[in-house]
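> with the sequence up front, the predicted model follows.
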Amino acid sequence: MNQEKEIQFQSPRQFTGLKLGNPATEAAGFKAVINSFKHVFGAMPVTRGFKALLKLNQQHGIDCPSCAWPDPENRSKVAEFCENGAKAIAEEATTRKTGPVFFQRYSVAELSEKSDYWLGQQGRLTHPMILRNGGTHYEKISWDEAFQHISMELKGLTDPNEAIFYTSGRTSNEAAFLYQLFVRQFGTNNLPDCSNMCHESSGSALTETLGLGKGSVTLEDFNKAEVIMILGQNPGTNHPRMLTALEHAKRNGARIISVNPLIEAGLLAFKNPQDFKDVALGATSLTDIYLQIKINQDLPLLKCLIKIVLEESSKNNYKCIDNEFINNKTEGYSEFIESLNEYSINELLDQTGLKYEQLAEAAELLVKHDRIIVCWAMGLTQHKNSVATIKEVVNLLLLKGSIGKEGAGTCPVRGHSNVQGDRTMGIYEKPNEDFLKNLDKTFDFKAPRAHGYDTVNAIKAMYSQKAKVFIGMGGNFLSASPDTEFTAKALRNCDLTVHISTKLNRSHLVHGKMAIILPTLGRTDLDLQKNNAQFITVEDSMGVVHISKGVLTPPSETLLSEPGIICELAKATLSGKSKVDWDNLASDYDEIRNMIEKVIPGFEHYNEKVRQENGFFLPNLPREGKFGTKSGKALFSINKLSPISLAKDEFLMMTVRSHDQFNTTIYGLDDRYRGFYNERRIIMMNNEDIRSLGLQPYQIVDLQNDFGGVKRTAEYFIVVPYNIPRQCAATYFPEANVLVPIDSVALTSNTPTSKSVIITIKPVLEAENIVFASVSH
Ligand SMILES: Nc1nc2c(c(=O)[nH]1)N[C@H]1C(S)=C(S)[C@@H](COP(=O)(O)OP(=O)(O)OC[C@H]3O[C@@H](n4cnc5c(=O)[nH]c(N)nc54)[C@H](O)[C@@H]3O)O[C@H]1N2
Ligand SMILES: Nc1nc2c(c(=O)[nH]1)N[C@H]1C(S)=C(S)[C@@H](COP(=O)(O)OP(=O)(O)OC[C@H]3O[C@@H](n4cnc5c(=O)[nH]c(N)nc54)[C@H](O)[C@@H]3O)O[C@H]1N2
Ligand SMILES: [Mo]
């Protein structure tokens with residue numbers, strides 16, 4: 001057999017044939033519609049495809065499993081989805097399958113040699129599969145056997161803290177609540193989740209300053225905003241339905257300031273394929289002021305803007321800052337103002353790479369208006385000083401009194417469709433005492449109090465063999481995590497790795513001594529329990545809880561739902577020790593929601609309220625201009641600059657998403673808006689940098705770094721000239737994750753610094769000759 005083959009931790013380091021186009025200057029339009037249909041109908045029969053698309057984001061229909069952008073109340077009855085939502089549907093609702101025969105055909109090592117794209121294209125998982133200790137192939141087992149294996153391993157641990165229970169943000173409120181209940185009854189708070197790698201910095205910064213780790217705006221605020229700032233976010237690709245909100249805002253007179261090292265098409269203009277005006281008259285232009293900043297210089301930029309605003313307002317008796325708000329609702333203002341004296345405008349400006357005039361223009365908008373929304377995503381959260389940067393966003397808004405009033409506030413744009421809900425349900429390694437007390441009382445047990453591992457600490461615990469069992473509720477832990485080689489070794493140290501998944505991914509192939517795959521229903525699948533169709537609920541980026549109900553025939557009758565799997569696991573593992581009626585919960589999700597209502601504030605009359613037309617809003621104090629901090633005031637904070645100094649040959653690299661992927665799921669090989677086709681192993685560089693390094697466009701290079709005494713290399717990338725500031729570079733995630741050091745994390749939030757990776761670039765030579773990639777136009 002194939003025992004001697006090695007398991008590959010990454011997609012093959014081979015080129016697929018780069019084709020070059022031009023970067024787009026607007027997003028969506030008919031190309032997006034055509035692409036949607038191409039993906040959906042390429043993966044399933046036409047009737048199935050239409051059935052899914054017509055239910056997507058409709059009231060009580062399927063909540064799109066792509067991003068967490070909220071649904072408008074007056075939604076389109078036929079097409080309330082975007083190109084990338086359609087791709088997510090194609091990916092999940094595909095009629096292709098990876099059943100037991102597929103796993104007989106390929107050994108695990110052989111599968112690991114395939115690309116991430118290929119793995120995803122093989123289709124839905126249909127049966128529980130086991131890879132036995134020393135085995136080469138996954139084999140089919142029964143559900144009962146699978147649960148027995150897992151529970152035996154869990155019960156055999158000397159300490160419950162030797163097990164890790166990861167969650168990806170697609171898990172429903174119901175499944176998340178049951179999962180954390182099971183895990184805490186088992187005896188640990190080891191509940192890391194994808195949020196640790198995502199918006200954790202936002203949560204940390206907002207909780208500290210405003211007392212709630214969530215954004216304050218609603219969709220309605222976009223219609224009333226005067227200024228919208230968008231930092232570190234690429235909505236054209238990652239939150240396309242946000243463009244409709246921006247379009248409406250523009251029509252109502254809002255001005256948009258975008259801050260990004262790349263000129264992203266979706267920030268420039270939007271051609272709404274559903275809007276008659278756009279189709280007839282052309283795209284709506286979005287950004288008014290584009291600040292093409294250097295990577296991770298948002299903190300100096302914000303300080304600079306604040307200083308200019310203060311300077312301007314000193315000329316008119318400080319009328320353009322909100323003195324009443326500052327006096328009544330905030331703390332720490334004078335210390336904050338004083339701390340700004342440490343920096344001069346020129347010095348701050350210098351770090352951003354921008355010109356004074358550009359900033360002055362942006363500052364003028366901030367001086368004149370106070371209905372200001374600030375949106376941000378991964379470009380702000382995945383740096384060492386991310387929490388400081390986001391706290392500075394809060395400073396700016398507090399100065400203007402722009403929190404808790406119409407058309408204004410914080411808008412961290414969440415990623416996974418229920419990542420915010422999962423945290424609300426208690427998927428958190430550092431749960432608060434009130435939540436635990438409610439759990440204890442409701443379920444008559446004592447939940448563990450010691451904090452558990454977050455994602456980075458979970459990887460380290462597995463690496464050092466302090467943790468021995470890994471269970472993943474969705475996600476692709478290996479490929480999403482930093483430092484691929486390190487994480488792979490960590491997973492391979494485990495006695496058991498288990499994945500509850502819809503699709504095959506690399507985390508199934510880089511496994512512990514024993515590995516189990518538990519296939520589950522996805523969002524689009526009809527979920528029948530005791531012949532009754534169930535729905536699940538999710539919380540969007542703005543704190544609206546609503547229903548999602550699958551309608552499609554599942555890929556196999558064997559599949560269990562996520563709540564079903566958790567209940568069986570809990571019964572097998574906790575045996576007589578749990579007083580929870582797991583069977584009752586799994587057979588009727590209303591029962592789960594009744595329990596959630598007892599434990600978590602804001603869910604009173606859950607079953608009733610969620611059945612209302614548009615679901616319901618969770619309580620949000622900052623939205624009402626109130627703050628859940630100790631003093632009840634919003635806090636100004638002092639955020640020191642901590643500039644990264646680069647050597648002459650070093651670059652600051654950000655790892656970003658292409659237009660054709662959902663995190664580690666690769667839908668295709670194009671990045672249409674940026675003008676790259678059929679290739680992912682590229683590094684975007686400034687032309688001047690290419691020249692000064694003595695490199696040439698389209699030559700092949702290795703990317704390297706040396707952090708904490710460990711040398712890391714990402715092999716075979718094609719140098720492509722691109723419009724990006726000097727000494728900045730961009731590659732795609734997950735190909736470049738090998739370079740993100742496990743110890744390089746954001747202060748406080750412990751989020752890997754996936755957007756601030758220091759690298760050097762080394763030409764690949766053959767017989768001392770430069771090697772070029774073949775490129776076509
Ligand atoms: N189709 C699709 N949708 C998705 C996802 C997906 O992969 N595909 N992923 C989902 C998830 S989990 C998430 S978290 C979100 C991610 O959504 P985004 O945060 O939009 O995703 P990224 O590609 O990581 O893009 C980061 C953006 O920040 C910019 N940037 C990088 N560094 C800096 C910086 O230092 N400063 C500034 N100002 N900008 C910077 C980059 O140029 C890029 O435009 O999208 C969600 N939606
Ligand atoms: N370098 C770098 N690394 C990053 C990032 C970055 O920008 N740069 N971004 C980070 C961010 S923001 C995030 S959120 C993480 C994402 O990390 P994860 O959430 O762990 O990764 P995904 O790729 O979203 O997970 C995809 C897998 O989820 C499974 N799945 C899909 N739908 C379902 C479902 O309904 N139920 C179940 N049980 N399983 C399902 C499928 O098997 C699929 O293969 O990655 C992080 N890693
Ligand atoms: Mo994310």
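Ah, there it is. Residues are numbered from 1 along each chain as shown. Ligands and ions are numbered 1, 2, ... in the order given.

> what residue in the stretch 451-600 of the chain comes nearest to ligand 1?
Using CB to the nearest ligand atom, Ala480 is the residue of the stretch 451-600 of the chain that sits closest to ligand 1, at 8.9 Å. For glycine as for every other residue, the C-beta is placed from the backbone atoms N, C-alpha and C.

> got the contact list for the closest residue to that residue other than its chain neighbours?
Closest residue to Ala480 apart from its sequence neighbours, by CB to CB, 6 or more residues apart in numbering: Thr664 at 5.4 Å. Counting by CB atoms under 8 Å, 6 or more residues apart in numbering, Thr664 makes contact with Asp116, Asn476, Ser479, Ala480, Asn505, Arg506, Phe733, Pro734.

> cool, Val279 as well?
In this structure, Val279 makes contact with Lys271, Asn272, Pro273, judged by CB under 8 Å, 6+ apart.

> could you list the buried residues of the strand or helix carrying it?
Here Val279, judged by DSSP states H and E, is contained in helix 276-281. By neighbour count with 16 or more other CB atoms under 10 Å, helix 276-281 contains the buried residues Asp278.

> what ranges do the strands span in the stretch 251-400 of the chain?
255-259, 269-271, 284-285, 289-291, 330-331, 372-376 (DSSP state E, counting those that start in this stretch).

> isn't Ser202 right up against Met378?
No. Ser202 is not in contact with Met378 according to CB atoms under 8 Å; the separation is 10.1 Å.

> give me the common contacts of these two.
In contact with both Ser202 and Met378: no residue, using CB under 8 Å, 6+ apart.

> and for the nearest residue to Glu406 once chain neighbours are set aside, the neighbour number?
Spatial nearest neighbour of Glu406, excluding adjacent residues (CB to CB, 6+ apart): Lys224 at 5.0 Å. For Lys224, the count of nearby residues is 18 (other CB atoms under 10 Å).

> and the gap between Lys224 and Leu267?
Look at Lys224 and Leu267: by CB to CB, to the nearest Å, they are 21 Å apart.

> before we move on, what about Asn327?
36 Å.

> for those two, indicate the residue with more neighbours.
Shown here are Asn327 and Leu267; by other CB under 10 Å, Leu267 has more neighbours (24 against 9).

> surely Met537 is in a strand?
Check again: residue 537 is Thr, not Met. Yes. Applying DSSP: H, G, I helix; E, B strand; the rest coil, one finds Thr537 inside a strand.

> give me the pLDDT for the nearest residue to it once chain neighbours are set aside.
Of all residues not flanking Thr537 in the chain, Asn173 sits nearest, at 4.8 Å (CB to CB, 6+ apart). Looking at Asn173, its pLDDT is 98.

> tell me how far Asn173 lies from ligand 3.
18 Å (CB to the ion, to the nearest Å).

> what's the answer for Lys315, then?
42 Å.

> burial count for that residue?
Neighbour number of Lys315 under other CB under 10 Å is 10.

> report the contact partners of the residue in the stretch 451-600 of the chain that ligand 2 sits nearest to.
Proximity of the stretch 451-600 of the chain to ligand 2 (CB to the nearest ligand atom) peaks at Gly475, 2.6 Å away. Going by CB under 8 Å, 6+ apart, Gly475 touches Tyr166, Thr167, Ser168, Arg170, Cys194, Ser507.

> ligand 1 contacts on this structure?
66-67, 84, 198, 231-234, 237-239, 259-262, 264, 293, 295-296, 298, 377-379, 415-416, 654, 656-657, 661-663, 755 (CB under 6 Å from any ligand atom).

> quick one: Val775 from Asp440, how far?
Distance from Val775 to Asp440, by CB to CB: 62 Å.

> swap that for Tyr138, please
40 Å.

> okay, the two: which has more neighbours?
Tyr138 (28 against 14).

> doesn't Pro128 make contact with that one?
No. The criterion here is CB under 8 Å, and Tyr138 misses it with Pro128 at 9.7 Å.

> what residues do those two have in common as contacts?
What both Tyr138 and Pro128 touch, as defined by CB under 8 Å, 6+ apart, is the set Ile517.

> the strands in the stretch 601-750 of the chain, which residues?
Counting by DSSP E, counting those that start in this stretch, the strands of the stretch 601-750 of the chain are 616-617, 634-635, 651-656, 661-662, 665-666, 676-677, 682-685, 700-707, 710-721, 728-732.

> out of those strands, nearest to Ile7?
Comparing the strands of the stretch 601-750 of the chain by their distance to Ile7 (CB to CB), the top pick is strand 710-721, with 17.3 Å.

> just list what the closest one packs against, helices and strands only.
In this structure, strand 710-721 packs against strand 18-20, strand 682-685, helix 687-692, strand 700-707, with contacts taken as 3 or more CB pairs under 8 Å, 6 or more residues apart in numbering; DSSP states H and E.

> again, only using 10 Å
Packing partners of strand 710-721 (3 or more CB pairs under 10 Å, 6 or more residues apart in numbering; DSSP states H and E): strand 18-20, helix 484-492, strand 682-685, helix 687-692, strand 700-707, strand 728-732, strand 757-763.

> now do the buried residues in it.
For strand 710-721, by 16+ other CB under 10 Å, it's Arg712, Ala714, Tyr716, Phe717, Ile718, Val719, Val720, Pro721.

> again, but for stretch 49-59
Here stretch 49-59 shows Gly49, Lys51, Ala52, Leu53, Leu54, Lys55, Leu56, Asn57, Gln58 as buried, counting by 16+ other CB under 10 Å.
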